[in-house]
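Q: what would the 3D arrangement of this be:
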Amino acid sequence: MGIEQTLLAVASLVVALWAASAYNRLIALREHVVNAFAHIEVQLKRRFELIPNLVEVARKYLEHERSTLEAVTLARNQALHATRTAATRPGDMDAMESLSAASAQLTDALGRLMVVAEAYPELQADENMRQLSEEIASTENRVSFARQAYNDAVMDYNVGIGRFPANLIAAVFRFTPSRPLEAIEDPAERRAVRVQF
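A: Below you'll find the predicted structure:
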């Protein structure tokens with residue numbers, strides 16, 4: 001074997017090792033996105049489990065506010081469905097957009113429930129309502145932290161598949177960009193649900 005063939009073999013080996021390394025790094029980044037979304041899913045599941053209890057306690061006092069309670073229940077069910085769909089495709093553009101929209105609707109519905117509940121002093125005094133409110137507020141904070149970790153993972157992944165020359169490997173193996181959970185544009189919506197009695 002001549003020197004040119006040896007150099008070609010060494011260069012081919014270096015390129016193959018680099019390609020394998022780049023591919024493995026992209027896989028690790030993609031799995032980090034999936035794992036980060038799983039943390040969001042755990043917190044959202046906790047949130048979804050608390051909401052029916054909150055609605056049930058409020059139902060005793062808010063008989064004349066049936067539409068508000070129904071709106072919360074409907075928004076919860078839509079958000080739960082969007083979360084389950086997103087969990088099967090973490091980072092998928094459409095799934096994340098649907099989840100962001102459903103989460104915004106749920107936050108809005110919970111906010112309306114809290115506004116209505118303020119007009120009912122006996123509901124505000126209910127110990128179960130206070131405890132559930134504290135748990136939901138705590139869960140909202142956990143969701144916020146998990147969402148930030150997910151968005152950071154998505155950013156790392158998207159940068160990883162966009163950098164040259166790793167983007168060549170990403171294109172060959174069809175690594176597609178992931179979508180972060182959208183930042184909320186409306187400052188009024190940006191505030192977490194404040195549940196306080």
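Q: lowest-scoring secondary structure element of the protein by mean pLDDT?
A: helix 187-190 (a mean of 43; mean pLDDT, DSSP states H and E).
Q: how about stretch 2-10: buried residues?
A: Residues of stretch 2-10 classed as buried: none (neighbour count, 16 or more other C-beta atoms under 10 Å). Glycine gets a C-beta too; all of them are placed from N, C-alpha and C.
Q: go on, stretch 93-100?
A: Quick answer for stretch 93-100 (16+ other C-beta under 10 Å): 95-96, 98-100.
Q: where do the strands of this structure begin and end?
A: Counting by DSSP state E, the chain forms no strands at all.
Q: biggest helix in this protein by residues?
A: helix 3-61 (DSSP state H).
Q: sorry, back to before: out of the buried residues of stretch 93-100, which sit inside helices?
A: 95-96, 98-100.
Q: farthest-separated two in the residues you listed?
A: Ala95 and Ser100 (9.8 Å; C-beta to C-beta).
Q: what sits against Ile51?
A: 72-73, 76, 106, 110, 136 (C-beta atoms under 8 Å, 6 or more residues apart in numbering).
Q: that one and Ala79, how far apart?
A: 9 Å (C-beta to C-beta, to the nearest Å).
Q: related to what we said a few turns ago, pLDDT on the longest helix of the chain, on average?
A: Averaging pLDDT along helix 3-61 gives 92.
Q: over to stretch 140-154?
A: Here the average pLDDT along stretch 140-154 is 93.
Q: next, the buried residues of that stretch.
A: In stretch 140-154, counting by 16+ other C-beta under 10 Å, buried: 140, 142-143, 146-147, 149-151, 153-154.
Q: now swap in stretch 62-80 and tell me
A: Quick answer for stretch 62-80 (16+ other C-beta under 10 Å): 62, 65, 68-69, 71-72, 75-76, 78-80.
Q: make CSV out of these and add distance to Pro121.
A: Shown next, in CSV, are the buried residues of stretch 62-80 (distance: C-beta to C-beta, whole Å):
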residue, distance to Pro121
Leu62, 13
Glu65, 15
Thr68, 17
Leu69, 18
Ala71, 23
Val72, 20
Ala75, 26
Arg76, 26
Gln78, 31
Ala79, 30
Leu80, 32
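Q: show me these that map onto helices.
A: Using DSSP H, the buried residues of stretch 62-80 in helices are 68-69, 71-72, 75-76, 78-80.
Q: how about those residues, which pair is most distant?
A: Every pair of those checked by C-beta to C-beta; the farthest is Thr68 and Leu80, at 18.8 Å.
Q: burial of the residue lying closest to Tyr150 once chain neighbours are set aside, as a residue count?
A: Leaving aside its chain neighbours, Tyr150 sits nearest to Ala36 (4.0 Å; criterion: C-beta to C-beta, 6 or more residues apart in numbering). Other residues near Ala36 come to 24 when the count uses other C-beta atoms under 10 Å.
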